[in-house]
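A.B. asks: Kindly return the folded structure for what I paste below:
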Amino acid sequence: MFGISFFSFIYLQPTTALMKFKTIIPALCLLALVACGKVETVLPGTIGDHMVIQRGEPFNIYGKTMRKGGKPAPHSKVSIMWQSGTVSLLSDSEGRWSAVLPEAPEGGPYVLKVNEKLISDILVGDVYLCSGQSNMELPVRRCLDATGEFVKAYSNDNIRYVKVPMQYSFGHECEDIGKCSWQVLDSDSTAMEWGALCYFTARELQEAYGVPVGMINSSVGGSPVEAWMREDILPERAKSRLPLLCRQEYVDSLRARAPQIYSEWQARHNAVPENTESVWEDIDIFSDNWSKDPEGNLFYGSHYLRRSVNLTPGQASGEAILHLGALRDADSTFVNGNYVGNITYQYPPRNYKIPSGILIPGENIIEVHLYSCNNAASFVKDKRYSLETSGADISLLDGWQHRYGRRMEEREQEIFLQYEATGLYNGMIAPLRSLRFAGAIWYQGESNCDNAAEYGSLLGSMIADWRKELSAEGLPFFIIELAAFQHSELSDNDYGWNRVQKEQRSLADDAAGIYVVKNADLGEWNDIHPQDKKTLGERTAKVIMDSRNN
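C.D. replies: Predicted coordinates:
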């Protein structure tokens, strides 16, 4: 109809050629603008199907109206349907808009419609902000040796999870977290990539309170507390690199250099002539002798290790799993000359599936190509080293041989931009300001052992600032005590690991609404990532529940 009346308007004008020209050209331009000016509604990454919003709180929502090509569509109509009501408004001069929607009763599911966008299966319950470093990120699949029987076959549609994608920013705070999606705990396989502490804590809380639970995991492995702090509250020494980091060309150069560090080292390694003089020698894999040259210097580069295993026809039939504990630094592993797996850094357990047909009756050869890049090559003690076959679990603790491969220099250290001060706050916390939470769970501190004496002050400042910036003055904060590591529990020194633990406890003793979850006794002396996140999740949930009762 608009097209008909538009062209009727054109041909009803005076009939002189000049008047036709003056009238038709602007009209055609307007028509072109209408044709290419479709407005799209853009919502933040945390708003999506299956999300959980905090009960007892209004629903803060925001977004943008955009045209094709990513240009803002200012002063565009936004129609929001929530529960049984409708809110209509206009975006501002930059296409931004926001609204505060009334709280909804706990439960659901609810539907949210914003212009053409439909968000379904929204639940109302308790939402927790989970942050910190690798022990908060550690996925369920990495903890199956300790918790697998409790994960198997468990599902609960009232538990939801979203992992905030890693992003950092210097000089400005990000408006959005980027693309991500809420997941429903509808099967055990869905949970494999969830943060294990988030998973087990949510299970306990949901079963205790009977309301939906949503876990927002905004954490980055290896990150220090300074990375999670707003620039204004950083100590002066932590601000020294910010002017450099605010130069985009510098950041881009580091990003470009990072993959080159690894590829160039590997290329140089592969170009080194094979060590033909090295011979196979029997070794104890838990000794450090073989990781050094005859003069006692660390041998960076490649090491070859092998072991034979004799199997019966029954043991050789079907699939198998090769358990190689934890290795430093990187490995590629072969069975009877067939590649079965590799891991490129030191922490994850090596549990390699061996497909059917690779193992044979009689002698089988396991060969590990171990790459020492920045650490002494080693097999970590007190881990599982075995070949799990049909009806047998054969120990691989001894019987190994070693020979040297290609010798290299130590690999250049990468500068990890995600560890720089304030970057993760800007990228992964600031965009969450519109959300409301039942509490925050914090598992971090391992990367602050070198400045442990100031950890309590830094963390206390961060907590106070998060509460202010998230508009949640009384937000309960639950600090996970560092787990004991490398026998730290056997000493009571006042530095490093133990000092971080003391700072955590002291902060909770001195500040309101801050709680410590006991975790030191759940540590593993040989693993910075202890697997028993089930017990820790139960303890975390109990501290949360106790805090509500006080």
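A.B. asks: in its sheet, what does the lengthiest strand in the chain sit against?
C.D. replies: Ranked by number of residues, the top strand in the chain under DSSP state E is strand 117-132. Strand pairing for strand 117-132, determined by DSSP bridges: strand 52-54 (parallel), strand 107-114 (antiparallel), strand 213-219 (parallel), strand 439-443 (parallel).
A.B. asks: out of those, which comes closest to Lys38?
C.D. replies: When the strands paired with strand 117-132 are compared by CB to CB, strand 107-114 sits nearest Lys38, at 15.7 Å. C-beta here means a position set from N, CA and C on the backbone, and glycine is covered the same way.
A.B. asks: Okay, buried residues for the closest one please.
C.D. replies: Judged by neighbour count using 16 or more other CB atoms under 10 Å, the buried positions of strand 107-114 are Gly108, Tyr110, Leu112, Val114.
A.B. asks: Restrict it to CA atoms and write it as PDB.
C.D. replies: C-alpha atoms of strand 107-114 as PDB (Å, rounded to 0.1, in the frame of the first residue of the first chain):
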ATOM      1  CA  GLY A 107      10.000 -20.800  38.100                       C
ATOM      2  CA  GLY A 108       8.900 -20.500  34.500                       C
ATOM      3  CA  PRO A 109       9.400 -21.000  31.700                       C
ATOM      4  CA  TYR A 110       8.800 -17.400  30.500                       C
ATOM      5  CA  VAL A 111       9.100 -15.900  27.000                       C
ATOM      6  CA  LEU A 112      10.600 -12.500  26.200                       C
ATOM      7  CA  LYS A 113       9.900 -10.800  22.800                       C
ATOM      8  CA  VAL A 114      11.800  -7.700  21.700                       C
END
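A.B. asks: Kindly reformat the strands paired with strand 117-132 as CSV and extend each row with distance to Gly357.
C.D. replies: Listed next are the strands paired with strand 117-132 as CSV, based on distance: least, CB to CB, whole Å:
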stretch, distance to Gly357
strand 52-54, 46
strand 107-114, 47
strand 213-219, 39
strand 439-443, 43
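A.B. asks: Include mean pLDDT and distance to Asn338 when you put the ones you listed into a markdown table, please.
C.D. replies: Compiled in a markdown table, the strands paired with strand 117-132 are given as follows (pLDDT from 0 to 100; distance: least, CB to CB, whole Å):
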| stretch | mean pLDDT | distance to Asn338 |
| --- | --- | --- |
| strand 52-54 | 98 | 45 |
| strand 107-114 | 97 | 48 |
| strand 213-219 | 98 | 37 |
| strand 439-443 | 98 | 39 |
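A.B. asks: elements contacting the one helix or strand Tyr250 maps to?
C.D. replies: Assigned by DSSP states H and E, Tyr250 belongs to helix 248-271. Based on contacts counted as 3 or more CB pairs under 8 Å, 6 or more residues apart in numbering; DSSP states H and E, there is no element that helix 248-271 packs against.
A.B. asks: wait, isn't Asn135 in contact with Glu481?
C.D. replies: No: taking CB atoms under 8 Å as the definition, Asn135 is not a contact partner of Glu481, at 11.0 Å.
A.B. asks: So which elements touch the following helix or strand past the longest strand of the chain?
C.D. replies: Of the helices and strands lying after strand 117-132 in sequence (DSSP H and E), the nearest is helix 134-137. If you count contacts as 3+ CB pairs under 8 Å, 6+ apart, helix 134-137 packs onto helix 196-209, strand 213-219, strand 439-443.
A.B. asks: Do you have the helices of the stretch 451-550 of the chain handy? List them.
C.D. replies: In the stretch 451-550 of the chain, helices defined by DSSP state H, counting those that start in this stretch lie at 455-469, 496-510, 533-549, listed in chain order.
A.B. asks: So which of these is nearest Ala267?
C.D. replies: That would be helix 496-510 among the helices of the stretch 451-550 of the chain, by CB to CB, at 37.4 Å.
A.B. asks: tell me which strands and helices the closest one is in contact with?
C.D. replies: helix 455-469, strand 477-480, strand 514-517.
A.B. asks: List the contacts of stretch 284-303.
C.D. replies: By CB atoms under 8 Å, 6 or more residues apart in numbering, the surrounding residues in contact with stretch 284-303 are 269, 272, 281, 283, 305, 369-373, 376-379, 381, 385, 397-398, 400, 402-411.
A.B. asks: The helices and strands packed on helix 134-137 into CSV, with extra columns for distance to Val164 and mean neighbour count?
C.D. replies: Shown next, in CSV, are these (distance: least, CB to CB, whole Å; neighbours: other CB atoms under 10 Å):
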stretch, distance to Val164, mean neighbour count
helix 196-209, 12, 24
strand 213-219, 4, 26
strand 439-443, 13, 26
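A.B. asks: I'd like to know which of those is closest to Ile61.
C.D. replies: strand 213-219 (15.7 Å).
A.B. asks: Could you tell me the angle between that closest one and helix 196-209?
C.D. replies: Orientation of strand 213-219 against helix 196-209 (axes from the mean of the first three to the mean of the last three CA atoms, to 10 degrees) gives an angle of 160 degrees.
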